[in-house]
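>>> Need a 3D model of the sequence below.
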Amino acid sequence: MKRSSQQALAVGAAAGALALLAAKRRGISLRTWLRVQAEIAHIVVRNTTKDGNWRWSRLRELLFLASLERARRLEVAEADVVAPNDPDAVYRLHPLTHVRTQRQLSATSSKAMMALRMEADKAPVVTDLVLVGGGHAHVHVLRMLGMQPMPGVRITLITRDVETPYSGMLPGHVAGVYTRREAHIDLNKLARVARARLIAGEVTHIDSDAQLLHLKDGRPHLPYDVCSINVGISPDKPARFVTPVKPIATFSVKWDALLSRLDDASSFRLVVVGGGAGGVELILAMVARVSSELRRRGRSLTCL
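Reported below is the predicted structural model:
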C-alpha cells in the first residue's frame, strides 16, 4: 500500500512538473494553464456524452477539435500576458503559417533573392512540378517560388484562362469599386516571375500510373513528378435563365451585358438564389451598383 502511494505521488509530481514546464514555455501561470485544460476536458465530456451514455464514435473527432481549441485558448492566454486588453495581440504573436512565410520572404533582400534564383537556375532538373489550374492556391505557390526558388524543380502551369479573377474582389467589382483589371491576376507575368512554363490549355485526363497529363485538342502528353490541381468549381448544368457566379469570367461578361441594358427604358428583375454570406454580399453589391447607375440616368431602383 505504501509503495502504491509512493508511485502515485511520483506520477503526480511528474505530471505537475510537466504542467509547470508547459506553462512556463507559454509564458503563462500554472493556474491559467490548468484552467484551460479543465475547460477543454469539460467541453469534450459534455459533447461526447448524451443522457449519461458515451458516444464513442464522436470522441476521435472531438479530441482533434479540442486540441485546436486548446491551442487557441493557450495562445490567447499568452497574448493577454504580453499585451493585456489588446484583442489583436494574439494575431501578432501567432500569425498564420502563410503570413509568417510572407513576412520572412519580405524581409529577404533583393540581392539575397537573386542569389537564390541564380543558384536554383544552375541546378539540374530532377523534379517536374505541374500546377493544373490558376486558382488562388497556385497563385500563392507561384509567388512564393518566385521569391524563394527551389533548386532542381521545373514548374509548369496549365490554365485555361491566362487572367484569373480574384473571387474576394468580385463583390467590389460588381459594385463598381474595382475595375476588371484590378480584380484579375495576370498569370503570364506571375509565371515569368516564378520561372514557370505557362501552357494555355485544359487537362482532360490524368494517367496516375504513367504520370502523364492528357491535354485538350490533341496536344502531346505532359509528364509530371508532382501534380497539383486547383481548377476551382462550376455548376454541372445550370438552369435556364440562371447565371452561376462560377466561373467568374462568364459571370463578369453577363453582368456587364446586364448593366448595358440599363440604358433601355424597359424594366427587369434581378434575383439572387442563395442566402448565404456570399449571396448576401453579392446582392448588396448589385443593389449599390444598379442604384448608382440608375441615379445617373434619372431613374430609381425598386427593391421587393
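>>> how about residue 161, secondary structure?
Secondary structure assignment for residue 161 (DSSP: H, G, I helix; E, B strand; the rest coil): coil.
>>> Just want the phi and psi numbers for it.
Main-chain torsions, residue 161, degrees, to the nearest 10: phi -110, psi 130.
>>> show me what contacts it?
134, 187, 249 (C-beta atoms under 8 Å, 6 or more residues apart in numbering). Placement of C-beta: from N, CA and C, glycine included.
>>> Show me what counts as buried in the longest helix along the chain.
The residue-count maximum for a helix in the chain (DSSP state H) belongs to helix 56-82. Residues of helix 56-82 classed as buried under the neighbour-count rule (16 or more other C-beta atoms under 10 Å) are 62, 66, 69-70, 73-80.
>>> Are any of the contacts of residue 161 buried, and if so which?
Taking 16+ other C-beta under 10 Å as the criterion, what is buried in the contacts of residue 161 is 134, 187.
>>> tell me which of the contacts of residue 161 is nearest to residue 202?
Nearest to residue 202 out of the contacts of residue 161 is residue 134 (C-beta to C-beta; 11.6 Å).
>>> downstream neighbour of the least confident helix or strand in the chain by mean pLDDT in the secondary structure list?
Least confident element among the helices and strands of the chain, by mean pLDDT, DSSP states H and E: helix 97-106 (a mean of 59). Next helix or strand after helix 97-106 toward the C-terminus (DSSP states H and E): helix 110-122.
>>> Which SSE is immediately downstream of that next one?
Using DSSP H and E, the next helix or strand after helix 110-122 towards the C-terminus is strand 127-132.
>>> so where do the helices sit in this protein?
Using DSSP H, helices in the chain cover 2-26, 30-48, 56-82, 89-93, 97-106, 110-122, 136-147, 170-174, 187-193, 248-260, 277-296.
>>> From residue 43, how far out is the nearest residue to residue 176 once chain neighbours are set aside?
Using C-beta to C-beta, 6 or more residues apart in numbering and skipping residues adjacent in sequence, the residue nearest residue 176 is residue 289, 5.0 Å away. If you measure residue 289 against residue 43 using C-beta to C-beta, to the nearest Å, the figure is 45 Å.
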